[in-house]
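Colleague: can you look at this prediction? I've put the sequence above it.
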Amino acid sequence: MASNPGEVFLAFAKLGLASFGGPVAHIGYFRREFVERRRWLDDREFGRLLALSQFLPGPASSQLGFSIGLLRAGAAGALAAFVAFTLPSALLMLAFATILPTMQGAYGQAAIHGLKLVAVAVVAQGVIAMARQLCPDLPRVAIALMAAALVLASGLPWMQLVVVAGGALAGLIACRAVQPLTGSAVAPPHGMRAGALLLALFGMLLLGLPFMAKAAGGAFAIAEAFYRSGALVFGGGHVVLPLLRDAVVTPGWVSSDDFIAGYGAAQAVPGPMFSFASYLGARLFDGRGGAGGSLLALVSIFLPGLLLVAGALPFWHSLSRRPSAARAVAGVNAAVVGLLAAALYDPVWKSAITAPEDVAIAAVGLALLMVWRASALWVVAWCVVATLSRVLL
């Protein structure tokens with residue numbers, strides 16, 4: 001399983017440039033790249049990492065990618081995976097604020113709409129592929145269907161956490177045929193002692209930064225605001241936006257108009273939604289030292305989630321070998337399939353499909369992925385060109 005960080009960096013750099021659609025879609029991209037194409041891990045190992053990232057607060061897709069890099073090439077691989085996956089969107093968020101006014105015309109809106117259709121194809125492919133692997137029997141199909149129904153019926157962001165916890169409980173009860181994962185070659189490069197130190201560091205920063213912010217202000221206040229947002233959000237992605245708004249708009253650091261403009265830009269770029277912090281960090285300095293503010297905000301918002309997953313991984317690696325934990329993980333994975341299915345409808349389908357032509361464009365994109373097994377870049381090119389052609393013709 002061991003590899004070099006350069007290989008990890010190149011693999012995640014491609015995903016960082018092409019992973020449109022938000023955290024839900026990223027799971028499909030990761031599975032396609034690292035389970036199907038590169039075979040760095042199998043579906044059960046992927047599902048185990050996915051379950052852990054769903055349980056912990058923080059950016060779930062970034063935590064999943066960080067974990068894959070960590071298991072593939074150690075600490076250097078984890079850093080390579082994080083930087084490569086995050087850097088493109090962080091740089092684009094810095095640039096997008098400048099060109100955003102030019103994207104308000106028909107061509108710009110058509111291109112953005114095409115990117116939304118990419119998400120439809122990618123998420124649909126992810127739901128189908130993961131359902132085949134993670135819901136192979138009736139109990140897990142039932143868990144997935146119940147999870148999707150609960151999320152769609154409630155419409156509440158915190159219901160995702162309830163569904164994940166409920167999936168673990170349902171798995172313990174209903175998935176008795178599931179066997180624990182044994183003999184896996186994929187093991188974290190550090191042990192429980194190092195994991196405990198990382199978890200302690202997470203807690204020290206969470207408790208200590210508010211005192212430092214109150215005493216010194218300035219960069220410490222910014223770091224505390226973004227660290228708190230990253231540490232307290234479950235589900236990542238769009239769920240972090242209300243926390244960020246309270247962190248930067250309420251104290252008057254960023255205007256509401258600037259915040260909304262950046263949020264619009266975040267919908268149109270690949271990579272993690274948490275890269276929105278790059279835009280906000282730059283705006284905090286109002287054009288003076290924006291790159292430094294961007295870096296401070298990015299590190300602060302991602303750090304808690306990465307510390308948590310790196311700290312928990314050796315404990316999770318040991319725990320997941322137990323039969324009861326294996327059943328719980330099976331239930332969580334089935335619930336995640338339900339979450340993906342619900343997200344495929346709302347918000348992915350509802351925000352992207354506005355005409356019958358959109359269904360056809362997304363269907364061709366799905367066929368490119370599943371029938372011709374084309375690269376996601378070809379799907380991006382197809383969806384954007386197809387939507388632009390509707391404006392030109």
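Modeller: Happy to help now that I have it.
Colleague: what about residue 390, distance to residue 223?
Modeller: 45 Å (Cβ to Cβ, to the nearest Å). From N, CA and C alone the C-beta is placed, and that goes for glycine too.
Colleague: now do residue 112
Modeller: 32 Å.
Colleague: just residue 274 next, same as before
Modeller: 15 Å.
Colleague: let me know whether residue 222 touches residue 284 as I believe.
Modeller: Yes: applying Cβ atoms under 8 Å as the test, residue 222 and residue 284 come out as touching, 6.2 Å apart.
Colleague: hey, what's in contact with both of those two?
Modeller: Common contacts of residue 222 and residue 284, defined by Cβ atoms under 8 Å, 6 or more residues apart in numbering, comprise 253, 293, 297.
Colleague: got the phi and psi for the first one?
Modeller: Dihedral angles phi and psi of residue 253 (degrees, to the nearest 10) take the values phi -70, psi -40.
Colleague: which one is it nearest to, not counting chain neighbours?
Modeller: Leaving aside its sequence neighbours, residue 253 sits nearest to residue 284 (Cβ to Cβ, 6 or more residues apart in numbering; 5.4 Å).
Colleague: residues near that neighbour, how many?
Modeller: 23 (other Cβ atoms under 10 Å).
Colleague: residue 250 too?
Modeller: 11.
Colleague: now swap in residue 128 and tell me
Modeller: The burial count for residue 128: 17, using other Cβ under 10 Å.
Colleague: name the element it belongs to?
Modeller: Counting by DSSP states H and E, the element that carries residue 128 is helix 106-134.
Colleague: do residue 177 as well
Modeller: According to DSSP H and E, residue 177 maps onto no helix or strand at all.
Colleague: how about residue 214?
Modeller: Going by DSSP H and E, residue 214 is in helix 192-216.
Colleague: swap in residue 220?
Modeller: helix 219-232.
Colleague: I'd like the mean pLDDT over that helix, please.
Modeller: On average, the pLDDT along helix 219-232 is 91.
Colleague: what does stretch 77-97 give?
Modeller: 89.
Colleague: chain center to it, what's the gap?
Modeller: How far stretch 77-97 lies from its chain's middle: 13 Å, per Cα atoms, centre = their mean, to the nearest Å.
Colleague: mind listing what's buried in that stretch?
Modeller: Judged by neighbour count (16 or more other Cβ atoms under 10 Å), stretch 77-97 contains these buried residues: 77-94, 96-97.
Colleague: show me the contacts for residue 336.
Modeller: 27, 50-51, 54, 130, 134, 147, 164, 167.
Colleague: next, format these as JSON lines and append pLDDT and secondary structure.
Modeller: Listed next are the contacts of residue 336 as JSON lines, based on pLDDT from 0 to 100; DSSP: H, G, I helix; E, B strand; the rest coil:
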{"residue": "27", "pLDDT": "86", "secondary structure": "helix"}
{"residue": "50", "pLDDT": "88", "secondary structure": "helix"}
{"residue": "51", "pLDDT": "84", "secondary structure": "helix"}
{"residue": "54", "pLDDT": "79", "secondary structure": "helix"}
{"residue": "130", "pLDDT": "81", "secondary structure": "helix"}
{"residue": "134", "pLDDT": "85", "secondary structure": "helix"}
{"residue": "147", "pLDDT": "93", "secondary structure": "helix"}
{"residue": "164", "pLDDT": "82", "secondary structure": "helix"}
{"residue": "167", "pLDDT": "92", "secondary structure": "helix"}
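Colleague: could you flag which of the residues you listed are buried?
Modeller: With neighbours counted by 16+ other Cβ under 10 Å, these contain buried members at 27, 50-51, 54, 130, 134, 147, 164, 167.
Colleague: tell me which of these is nearest to residue 358?
Modeller: Using Cβ to Cβ, residue 27 comes nearest to residue 358 of the buried ones among the contacts of residue 336, at 22.7 Å.
Colleague: go ahead and confirm that closest one touches residue 65.
Modeller: No: using Cβ under 8 Å, residue 27 is not in contact with residue 65, being 10.1 Å away.
Colleague: check what pLDDT residue 210 gets.
Modeller: Per-residue pLDDT puts residue 210 at 93.
Colleague: identify the residues contacting the closest residue to it other than its chain neighbours.
Modeller: Once flanking residues are discounted, residue 210 sits nearest to residue 224: 5.6 Å by Cβ to Cβ, 6+ apart. Taking Cβ under 8 Å, 6+ apart, we find residue 224 in contact with 209-210, 212-213, 300.
Colleague: of the residues you listed - the most surrounded one?
Modeller: Highest count within those by other Cβ under 10 Å belongs to residue 300, 24 neighbours.
Colleague: so where's the stretch 101-250 of the chain uncertain?
Modeller: For the stretch 101-250 of the chain, applying pLDDT under 70 flags the ranges 101-104, 157-158, 181-186, 234-242.
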